[in-house]
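S.K.: Need a 3D model of the sequence below.
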Amino acid sequence: MVNHTFDDTNTHEIFPFEIKNDNGTMSNKFPEIKDRHVFVGPKNYCFAASYKDVASKLYNFEARPDDVWILGFPRSGTTLTSELVWLLGNNLDYQKASETVMDLRFPVLEGAAYFCQDYERITAQRQLYKGETAEIAEKLSKPAWESLSETREKRFIKTHLPLSLAPSNILTSGCKVIYLARNPKDVCVSSYLLLNSYKTVGIDESFDKFWNYFHHGLVPCTPYFEHVKEAWEAKDNPNVLFVFYENYSKDMELTIRTLARFLGKKIADSDVHTLIEHVKIDNFRKNKSVNSDHLRELGILKDTNDSFIRKGVVGGWNEFFQEHVDVEADNWINENLKMTRLKFS
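M.R.: Okay, the predicted model is just below:
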């Protein structure tokens with residue numbers, strides 16, 4: 001059986017950041033979630049406790065010059081971008097895209113660490129699954145950082161790690177890095193709904209309480225603005241493309257052409273229009289290869305009618321933020337954007 005406790009005691013790999021059990025805020029203000037997380041480095045990045053077992057493996061994973069990476073805080077548009085980028089990088093092979101789930105085409109480097117208990121269960125029970133689900137279970141039984149290290153094929157990799165905790169050579173290897181940023185209010189709402197849909201790592205909190213966790217840096221991958229600012233500071237690197245999710249709504253065609261140009265791909269007008277149609281929200285929500293239906297079949301997501309792909313709208317946060325929370329959020333955003341040229345729609 002694959003060991004998903006990720007014992008790192010015998011490794012000689014270096015991890016240069018301290019990993020703590022408290023960020024100084026949690027015990028005082030939010031004792032109810034004590035011991036759920038660890039906090040990493042001087043910026044106190046929050047992760048599930050299992051992260052400490054794989055931190056050095058992720059940091060020392062080697063990016064290759066021909067890799068394509070997508071980075072971004074969860075729920076910032078990385079799934080949509082993964083679909084576009086994979087198709088642009090694979091000669092618009094819609095057939096192959098439809099036959100292979102996104103988790104295998106564009107694996108999340110640290111995915112097994114997010115769902116440690118689930119991956120242990122899937123590994124133990126993989127003989128019980130049938131058909132396509134059995135094939136997916138077999139491939140997911142090995143952590144992505146291992147399977148990606150072994151493959152000789154061109155790699156498309158996604159990670160929600162901030163740049164400082166991502167593979168240490170990611171900005172020097174020559175690989176392409178696309179970073180997605182999205183209005184933090186929309187990110188917060190989408191994260192809340194997604195985490196509510198997970199069986200084992202989910203939450204059972206009101207949105208107002210979740211918002212408190214989110215902006216105090218107690219949700220995985222927070223603090224949000226530190227995550228975004230690290231990428232913003234790297235945006236002038238010729239191998240980094242910083243993309244605002246809102247650009248898709250403003251001008252999908254221009255954004256697709258920008259992605260293609262960054263990847264060194266020429267694309268005909270007709271192909272741009274086909275891509276636009278392919279990722280229109282109604283079509284995208286029906287796309288089995290991106291909709292994570294297999295995660296329901298594997299018992300990771302709750303068995304509901306909710307789609308992994310939500311509405312895809314800009315400004316959907318206003319359905320959740322009460323007036324006092326909205327004021328607090330605006331003050332938090334403005335305070336964190338001071339002295340930067342970052343601006344969200």
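S.K.: what are the ranges of the strands in the stretch 201-345 of the chain?
M.R.: Listed in chain order, the strands of the stretch 201-345 of the chain (DSSP state E, counting those that start in this stretch) span 240-244.
S.K.: Could you pull out the helices in it for me?
M.R.: Secondary structure of the stretch 201-345 of the chain by DSSP state H, counting those that start in this stretch: the helices cover 207-215, 224-233, 246-250, 252-262, 269-278, 281-286, 293-297, 323-337.
S.K.: buried residues in stretch 38-49?
M.R.: Val38, Phe39, Val40, Gly41, Lys43, Asn44, Tyr45, Cys46, Phe47, Ala48 (16 or more other Cβ atoms under 10 Å). Using the backbone N, CA and C atoms, a C-beta is placed for each residue, glycine as well.
S.K.: Let's verify Phe39: helix, strand, or coil?
M.R.: Classification of Phe39 using DSSP: H, G, I helix; E, B strand; the rest coil returns strand.
S.K.: from what I can see it touches Phe17, true?
M.R.: No - with contacts counted by Cβ atoms under 8 Å, Phe39 stays clear of Phe17, the gap being 10.0 Å.
S.K.: residues near Asp326, how many?
M.R.: 14 (other Cβ atoms under 10 Å).
S.K.: show me the contacts for it.
M.R.: Lys185, Asn318 (Cβ atoms under 8 Å, 6 or more residues apart in numbering).
S.K.: now do Pro107
M.R.: Ala144, Ser147, Leu148, Ile157, Lys158.
S.K.: out of these, which are inside strands?
M.R.: Ile157, Lys158 (DSSP state E).
S.K.: And the furthest pair within the contacts of Pro107?
M.R.: Ser147 and Lys158 (13.8 Å; Cβ to Cβ).
S.K.: Could you check which of those two is surrounded by more residues?
M.R.: Taking other Cβ under 10 Å, Ser147 and Lys158 do not tie; Lys158 has more neighbours (26 against 15).
S.K.: And the more buried one, how far from His278?
M.R.: Distance of Lys158 to His278, computed by Cβ to Cβ, to the nearest Å: 19 Å.
S.K.: go on, Asn318?
M.R.: Distance from Asn318 to His278, by Cβ to Cβ: 29 Å.
S.K.: Likewise for Ala112?
M.R.: 29 Å.
S.K.: neighbour-wise, which of those two wins?
M.R.: Neighbour tally, Ala112 and His278, criterion other Cβ under 10 Å: the higher count belongs to Ala112, 26 against 17.
S.K.: The more buried one contacts Ala144, correct?
M.R.: Yes - at 6.5 Å, Ala112 counts as touching Ala144 under the criterion of Cβ under 8 Å.
S.K.: that older thread, need the helices of the stretch 201-345 of the chain in JSON lines with distance to Val68 and mean pLDDT, can you?
M.R.: Output for the helices of the stretch 201-345 of the chain, formatted as JSON lines (distance: least, Cβ to Cβ, whole Å; pLDDT from 0 to 100):
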{"stretch": "helix 207-215", "distance to Val68": "29", "mean pLDDT": "92"}
{"stretch": "helix 224-233", "distance to Val68": "16", "mean pLDDT": "98"}
{"stretch": "helix 246-250", "distance to Val68": "18", "mean pLDDT": "95"}
{"stretch": "helix 252-262", "distance to Val68": "10", "mean pLDDT": "98"}
{"stretch": "helix 269-278", "distance to Val68": "16", "mean pLDDT": "97"}
{"stretch": "helix 281-286", "distance to Val68": "20", "mean pLDDT": "81"}
{"stretch": "helix 293-297", "distance to Val68": "23", "mean pLDDT": "69"}
{"stretch": "helix 323-337", "distance to Val68": "29", "mean pLDDT": "94"}
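S.K.: Tabulate these in TSV, adding columns for distance to Ala97.
M.R.: Below are those laid out as TSV (distance: least, Cβ to Cβ, whole Å):
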stretch	distance to Ala97
helix 207-215	32
helix 224-233	26
helix 246-250	18
helix 252-262	15
helix 269-278	9
helix 281-286	12
helix 293-297	15
helix 323-337	36
